[in-house]
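J.: Give me a model of this one.
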Amino acid sequence: TALQNQVVRRRGPNTALLLLQRTALMKTTTTQLSQSYTVIGWHECISLPEMNLLDFAVKVDTGAKTTALHAENIETFARDGIKWVRFTAPSPHGIAGQTCEFPVFTKRDITNTSGTPETRIVIRTPMVLAGRRWKIDISLTDRGNMRFPLILGRRALRSRNILVHPDQSYLVSDKPDFEG
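T.: Reported below is the predicted structural model:
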């Protein structure tokens, strides 16, 4: 509609949906979008099968560009001339973490939650969300003081026709018995 186009031009495509929630077009726009978009909650369960992390609770954080996973004992090493990383991944429900090894995909300068830039190792691994599977980039960092061991950033959702409902949780997954 003309209003949608006007909103997109002024604010950009990412804020258009938020602004439309405040208009009378909300009901028809939501109906039209639900046919081609998957709406997820701001808390969901995902799986990272190559880490054996299955159906664990995460916070979906559209303010974070890159997905971040709590990792301990992070160390890099060479295998067949390729840089790899070894780390201890969190286990749900407070069980001891497991050691994982992945090729280093890249290193990125990322601003942490305190606003301080830091260089992080990034791995690439498959994720399962809402019955769909695709590879995502995950930065490794100390999130030990955070409620959720993983925040799912917007790069992981980009180009996947996924919308995040800011007031709902567990729209495409069952709420776990244990969060964080």
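
J.: centroid residue for the protein?
T.: Ranked by distance to the mean C-alpha position of the chain (Cα atoms, centre = their mean), the top residue is Leu152 at 1.4 Å.

J.: Against which helices or strands is the longest strand seen in the chain packed?
T.: Using DSSP state E, we find that the single longest strand of the chain is strand 117-129. Where contact means 3 or more Cβ pairs under 8 Å, 6 or more residues apart in numbering; DSSP states H and E, strand 117-129 is packed against strand 43-48, strand 98-103, strand 106-111, strand 132-141. For glycine as for every other residue, the C-beta is placed from the backbone atoms N, C-alpha and C.

J.: Alpha carbons only: can I get that strand in PDB?
T.: Taking C-alpha atoms only, strand 117-129 is exported to PDB below (Å, rounded to 0.1, in the frame of the first residue of the first chain):
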ATOM      1  CA  PRO A 117      34.600  -3.800  21.000                       C
ATOM      2  CA  GLU A 118      36.300  -7.200  21.000                       C
ATOM      3  CA  THR A 119      37.700  -9.600  18.400                       C
ATOM      4  CA  ARG A 120      35.900 -12.900  18.500                       C
ATOM      5  CA  ILE A 121      36.400 -16.200  16.700                       C
ATOM      6  CA  VAL A 122      33.400 -17.100  14.500                       C
ATOM      7  CA  ILE A 123      32.400 -20.600  13.500                       C
ATOM      8  CA  ARG A 124      29.800 -21.700  10.900                       C
ATOM      9  CA  THR A 125      27.500 -24.600  11.800                       C
ATOM     10  CA  PRO A 126      23.900 -25.800  11.000                       C
ATOM     11  CA  MET A 127      21.000 -24.600  13.100                       C
ATOM     12  CA  VAL A 128      17.500 -26.000  13.200                       C
ATOM     13  CA  LEU A 129      14.600 -23.600  13.900                       C
END
